[in-house]
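Participant: show me the folded form of this:
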Amino acid sequence: MARPLFQKFSVLICAAIFGVSGAAVVAQAAPTTLNWGPVSTSQVPPARQFAAMTFDSTRNRTVLWGGGNSAFVNLNDTWEFDGLNWVQRTPTNSPPALVGSAMAFDANRHVSVRVDDHGLRLDPGSRRLVRR
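Facilitator: Got it, this is the predicted structure:
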């Protein structure tokens, strides 16, 4: 089954919007065309820069984590976007606040993995991020 275009482009669009302006409207591509249109949501993540983001293909969600705000405060909040709505999540284990991380989705383990310049990795036994 073909994925809707919002799944393919949500990471790029969300990174552009929240990384630059923190706008309250998210752009989404219509699944059958390449025309872009606004998607208004009732809740949005706070504006940020240098956040980590990935697409969870198991749950069809874009996952946003961390970054920093305009007051140079590092964030460690987690948000998910399903193509229509943003929802703030509170995972049991969340890494400390940090800017400049990267995320990828591990489709074999069905988890999002965050890495940074400190060499964090996912520990397969505990499914927690640990230092190398």
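
Participant: contacts and neighbour counts: CA atoms only from here.
Facilitator: OK.

Participant: look up how far Gly83 lies from Ser40.
Facilitator: Distance of Ser40 to Gly83, given as Cα to Cα, to the nearest Å: 11 Å.

Participant: quick check: next helix or strand after the helix or strand where Gly66 lies?
Facilitator: Using DSSP states H and E, Gly66 sits in strand 61-68. Beyond strand 61-68 in the direction of the C-terminus, DSSP H and E gives the next helix or strand as strand 74-81.

Participant: list the strands paired with the helix or strand following that next one, with their directions.
Facilitator: As assigned by DSSP H and E, the chain's next helix or strand after strand 74-81 is strand 86-89. Looking at strand 86-89 with DSSP bridges, its partner strands are strand 74-81 (antiparallel).

Participant: quick one: work out the angle between the strand it pairs with and strand 61-68.
Facilitator: 160 degrees (axes from the mean of the first three to the mean of the last three Cα atoms, to 10 degrees).

Participant: I would like the residues contacting strand 74-81, please.
Facilitator: Residues external to strand 74-81 that are found in contact with it (Cα atoms under 8 Å, 6 or more residues apart in numbering): 45, 61-69, 86-91, 94-99.

Participant: which among these end up buried?
Facilitator: 45, 61-69, 86-87, 98-99 (16 or more other Cα atoms under 10 Å).

Participant: Ala102 is in contact with His115, correct?
Facilitator: Small correction: residue 115 is Val, not His. Yes: under the criterion of Cα atoms under 8 Å, Val115 makes contact with Ala102 at 5.4 Å.
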